[in-house]
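A.B. asks: can't give you the sequence, but here's the structure:
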């Protein structure tokens, strides 16, 4: 078996549970942007010196694979995904809300706009945050086209960008990170 399938040589890709779409399809744009964010979170995880931040980022990366599977599955095939894999539920959004609140209680919010780059890990988290926001915009496009199978995906991405903003602030010099 090889990673090279040649299936995409004509500019198309396969969706989970069947069907082929152009590589610039609304759906592939959404999960592609999320894939970029997952990679940026991996870079941030590699750069952080804080084991709690590393563990949180790894948890978020894993959860984003669930979100990506939702985005890579056509709305009419979502029942197939749900029969075999975990799908995103409202509880995931609530967990993100709780993490945001925890960090807001420990890390003071900036008084103005943030210029990324306070530390290498904070900058990498800010890149991940901006990529999540791109994935969110692409997901809005899916929703407006009636192609989003799970409305929790959009809520999750919105909250994830909030959490990543706070994680980046916690990675800046002088930040007090909750225990």
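C.D. replies: Perfect, I can see it now. As the structure is a computational prediction, the values presented were derived from the model and not from experiment.

A.B. asks: outside of the longest helix seen in the chain, which residues touch it?
C.D. replies: Counting residues, the longest helix found in the chain (DSSP state H) is helix 120-144. The contact list for helix 120-144, computed with C-beta atoms under 8 Å, 6 or more residues apart in numbering, reads 26-27, 29-34, 36-37, 40-41, 43-44, 47-50, 53, 57, 71, 114, 116-117, 148, 151, 153-154, 157-158, 160-161, 164-165, 167-169, 171-172. C-betas here are computed from N, CA, C, even on glycine.

A.B. asks: select only the buried ones of those residues in ChimeraX?
C.D. replies: In ChimeraX, a selection of the buried entries from these looks like this (16 or more other C-beta atoms under 10 Å):
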select :26,27,29,30,31,32,33,34,36,37,40,41,43,44,47,48,53,57,71,148,153,154,157,158,160,161,164,165,167,168,169,171,172
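
A.B. asks: re earlier: for the longest helix of the chain, the averaged confidence score.
C.D. replies: The average pLDDT within helix 120-144 is 97.

A.B. asks: mind checking how far the helix or strand following it is from the chain centre?
C.D. replies: Moving toward the C-terminus from helix 120-144, the next helix or strand (DSSP states H and E) is helix 152-170. From the chain centre to the centre of helix 152-170 is a distance of 8 Å (C-alpha atoms, centre = their mean, to the nearest Å).
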